[in-house]
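**Student:** 3D, please:
(2 chains)
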Amino acid sequence: MARLQRSTSFSRSDEGSRPLPIALGRSPAGAFPALGRAVPWLLLGPALLPLLALVLVPYVGALLYSLTDATLANITAPAVVGLKNFGAVINSREPPFRLVVEATVVFTLGTVVGSLGLGTTLALALSSLKPTARGLLLAIFLVPWVIAGVVIGYTWKLVYDPQIGLANAILGLVGIAPIPWLVERWLAIGALVVANVWAAYGVVLLIVSSALSNVPRSIVLAARSDGAGLGTIVWRIILPTIRPAMLLATLVAFITGLSVFDLIFVLTGGGPIYQTETLALTMYRLTFKRGDVGEGAAVTLILFVFCLLLAAGYVIIWQREAKKWS
Amino acid sequence: MELMELSPVQRAGRWLALALGLLFTLVPVFWVLSVAFRPAGSFTFPVGIVPSALTLDNFSIVLFGAKGIGLRPYLNAAIYGLSAALLTAIISSLAGYALARYDLRFGRALLLMFLALNFLPAAARVVPLFLLYVRTDLYDRQIGLVLAYVAGATPLGIWLMAGTIRQIPIRLEQAARIDGAGAFTVAWRILLPLAMPGVLVVATLAFVDGWNSFSLPLILTQRPEVQPYTVLLRQFVQPSEGGVDWTLLAAGSLLGVIPVLVAFALLQSRLVGAADVGGAVKG
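**Tutor:** Below you'll find the predicted structure:
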């Protein structure tokens, strides 16, 4: 998901290319007079049905399950226990819920700051290159973005491994003793953040690059002839101009950080002893390792609400921006 | 065209940033290559950064050897990716057309809903889908997995296709109609060729999502015969005799990367343009 969303100026073009009210009227439905107004809904049907059946229904199901004591062994006829599962998750002792929240927040913020910083810096650096060099470098920078999360996990497992890992091999060259990268809590979370930034900066770069290619060169030139320096141009002219894209990139980075599963699953599995467990890992552990479907569903809903809030916030801000533009 | 002109110092800074970025991007890739082409058991400690000997054995062991995972997991991933790509492209094109061309009462609300659904990550979908699949007998079935991918990929697909179709002048359709072409002729002969760049982007993204997916097949399937390489690579991490089979893990991972790199190389020229589907037509 969230691989390539760029829709920042969608509604501007929205108004511009509305079908003109000529000849065949406002819509091209003329060919199926018998079906008439049903045509667009017939076209939308194949899209709406799977989304209803495979997004809406499962979430209603998960909501209901989160109120029961269902286990993997007893999925069909669980008893209703109300909000007990949510209480159990939040008051969990092993590991304390606070530990998971802390790891999730730090991991997410690290991912956001790192991938926005790196992606935007590289996009700006690329924007001042000639098109050929820019295209070539962009293609290389996008390589991590297309690789499967689980393969990225194995890639960094090869880097961090205490024995055959590249990180320690390099340290060895300059005479530093091997470091167990994935053992101590904050070092491990830091290592995971670096790996996830590697995975996530590409999409930021892509979004920001696309936006930069639309910044009118004239406003940059005007600012320059008014005597503005590079820093002023970037901070005061370019970044505000591409604010919708920055907003989108921020949201994508947030969700990549919040929901990451494959990478942590492969690299640390949430361990050692829950030290790097984030919400997504808790969800997996409760549901499939402990078999506590009710509690697992409760964590899924917590995760879902966070994603929903982020997405809703984005849609609202995006609409406000779109209004400003039109 | 370049966006800015830089002073020599700024130029140096730019190249430094790009060089560091390249280093960060490529060093882990280099290491996977370096491990994947090493003969098994040629690790010395401390491990050498450049391999002392090169071999292709690891790749053939992964695909055909007794210790490997075989060709099947890669074929499975290809089947899932291609099915998801085809279905997503068709569904998104139809829905995108409806949203782009009809003045629907809830059209804008639907578009915003699809936009929001884009941001629903796979990790937040697996447990609900697992529960549904167990209750409806879709669990451990290939069709179930493909449907899950399609549901995940269509929101972005619809959004991109609506943008693509909006850019095709409606007068082309109207002119063809006046010349007597039917709706299917218009769709097939006029709209599809013009919308092809968008369709290809949507299909490629869906393919890559299906090919790369891990958490969905991990949780929604059980039999190794239907699982993709992403799930089965784990075999190299926990082989029964203990320890990690590093060379096979690296080789198996690389085999999983090649198809997506090819897909994106074919698409590369369109990619930045496609990321800009919304902005291409201006006021």
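
**Student:** only C-alpha atoms for contact and neighbour calcs from this point on.
**Tutor:** Fine.

**Student:** ends of stretch A:222-240, how far apart?
**Tutor:** Across stretch A:222-240, the terminal residues are separated by 16 Å (C-alpha to C-alpha, to the nearest Å).

**Student:** who touches that stretch?
**Tutor:** With contact meaning C-alpha atoms under 8 Å, 6 or more residues apart in numbering or on different chains, stretch A:222-240 is reached by A:212, A:215, A:219, A:220, A:246, B:6.

**Student:** what about the chain, any weak spots by pLDDT?
**Tutor:** You didn't say which chain, so I picked chain A. Segments of chain A classed as low confidence (criterion: pLDDT under 70) are A:1-35, A:324-326.

**Student:** not quite, go with chain B.
**Tutor:** If you take pLDDT under 70 as the line, chain B has these spans: B:1, B:42, B:44-46, B:239-242, B:269-283.

**Student:** now the most centrally placed residue in it. Its backbone dihedrals?
**Tutor:** Central residue check for chain B by C-alpha atoms, centre = their mean: the C-alpha nearest the mean position is that of residue B:208, 1.6 Å away. Backbone geometry at residue B:208, expressed as degrees, to the nearest 10, gives phi -60, psi -40.

**Student:** following element in sequence after the helix or strand where residue A:284 lies, please.
**Tutor:** In this structure, residue A:284 is located in helix A:279-284 according to DSSP states H and E. From helix A:279-284 onward toward the C-terminus, using DSSP H and E, the following helix or strand is helix A:293-325.

**Student:** tell me what that following helix is packed against?
**Tutor:** Under the contact definition 3 or more C-alpha pairs under 8 Å, 6 or more residues apart in numbering or on different chains; DSSP states H and E, helix A:293-325 sits against helix A:10-16, helix A:57-65, helix A:84-90, helix A:243-259, helix A:279-284, helix B:107-118, helix B:126-136.

**Student:** any chance of those in TSV with distance to residue A:157 and mean neighbour count as columns?
**Tutor:** Written out in TSV, the entries for those read as follows (distance: least, C-alpha to C-alpha, whole Å; neighbours: other C-alpha atoms under 10 Å in any protein chain shown):
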stretch	distance to residue A:157	mean neighbour count
helix A:10-16	40	18
helix A:57-65	33	20
helix A:84-90	30	17
helix A:243-259	18	23
helix A:279-284	18	25
helix B:107-118	29	18
helix B:126-136	24	20
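
**Student:** could those be laid out in a markdown table, adding distance to residue A:112?
**Tutor:** Formatted as a markdown table, the entries for the helices and strands packed on helix A:293-325 read as follows, by distance: least, C-alpha to C-alpha, whole Å:
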| stretch | distance to residue A:112 |
| --- | --- |
| helix A:10-16 | 25 |
| helix A:57-65 | 27 |
| helix A:84-90 | 25 |
| helix A:243-259 | 5 |
| helix A:279-284 | 17 |
| helix B:107-118 | 18 |
| helix B:126-136 | 24 |
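
**Student:** and residue A:43, which of those helices is closest to it?
**Tutor:** Taking C-alpha to C-alpha, helix B:107-118 is the member of these nearest to residue A:43, at 12.6 Å.

**Student:** can you give me how far that closest one is from the chain middle?
**Tutor:** When C-alpha coordinates are averaged (C-alpha atoms, centre = their mean, to the nearest Å), helix B:107-118 and its chain have centres 22 Å apart.

**Student:** what does stretch A:303-310 give?
**Tutor:** So, by C-alpha atoms, centre = their mean, the centroid of stretch A:303-310 is 12 Å from its chain's centroid.

**Student:** please identify the buried residues of it?
**Tutor:** Neighbour counts over stretch A:303-310 (16 or more other C-alpha atoms under 10 Å in any protein chain shown) mark A:303, A:304, A:307, A:308, A:310 as buried.

**Student:** the fourth one reaches residue B:120, doesn't it?
**Tutor:** Yes. The pair residue A:308 and residue B:120 qualifies as a contact (C-alpha atoms under 8 Å) at a distance of 7.5 Å.

**Student:** next up, the contacts around residue B:50.
**Tutor:** Residues in contact with residue B:50, defined by C-alpha under 8 Å, 6+ apart, are residue B:34.

**Student:** how much space between it and residue B:67?
**Tutor:** 25 Å.

**Student:** how about residue B:190?
**Tutor:** 52 Å.

**Student:** can you pull the residues of the stretch 151-300 of chain A lying near chain B?
**Tutor:** Taking C-alpha under 8 Å from any C-alpha of the partner chain as the criterion, the neighbours of chain B within the stretch 151-300 of chain A are A:151, A:154-156, A:158-159, A:163-166, A:169-170, A:172, A:198, A:206-207, A:209-215, A:217, A:220-221, A:230, A:252, A:255-256, A:259-262, A:280, A:287, A:296-297, A:300.

**Student:** name the nearest residue to residue A:312, ignoring sequence neighbours.
**Tutor:** Among residues not flanking residue A:312 along the chain, residue B:116 sits closest, at 6.7 Å (C-alpha to C-alpha, 6 or more residues apart in numbering or on different chains).

**Student:** OK, contacts around the one you found?
**Tutor:** A:308, A:311, A:312, A:315.

**Student:** now residue A:103
**Tutor:** When contacts are counted by C-alpha under 8 Å, 6+ apart, residue A:103 is found next to A:189, A:275, A:276, A:277, A:278.

**Student:** would you confirm that the first one contacts residue A:274?
**Tutor:** The reference is to residue A:189. No. With the criterion set as C-alpha under 8 Å, residue A:189 and residue A:274 do not qualify as a contacting pair; they are 11.4 Å apart.

**Student:** more crowded one of the two?
**Tutor:** It is residue A:189, of residue A:189 and residue A:274, that has more neighbours when counted by other C-alpha atoms under 10 Å in any protein chain shown, with 25 against 19.

**Student:** what is the helix or strand hosting the more buried one packed up against?
**Tutor:** Secondary structure from DSSP H and E places residue A:189 in helix A:185-212. The criterion is 3+ C-alpha pairs under 8 Å, 6+ apart, and the helices and strands that helix A:185-212 contacts are helix A:97-127, helix A:143-146, helix A:149-160, helix A:243-259, helix A:262-267, helix B:246-274.

**Student:** want to try TSV for these, with distance to residue B:76 as columns?
**Tutor:** Rendered in TSV, the data for the helices and strands packed on helix A:185-212 read as follows (distance: least, C-alpha to C-alpha, whole Å):
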stretch	distance to residue B:76
helix A:97-127	32
helix A:143-146	19
helix A:149-160	16
helix A:243-259	25
helix A:262-267	19
helix B:246-274	12
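
**Student:** out of the ones you listed, deepest packed?
**Tutor:** Burial among these, expressed as mean neighbours by mean count of other C-alpha atoms under 10 Å in any protein chain shown, is greatest for helix A:149-160, which shows a mean of 25.

**Student:** can you name the next helix or strand after it?
**Tutor:** Scanning forward in sequence from helix A:149-160, with DSSP H and E defining helices and strands, the next element found is helix A:166-173.

**Student:** quick one: buried residues of that following helix?
**Tutor:** Within helix A:166-173, the residues scored as buried using 16+ other C-alpha under 10 Å are A:166, A:167, A:168, A:169.

**Student:** please consider this matter closed, and thank you.
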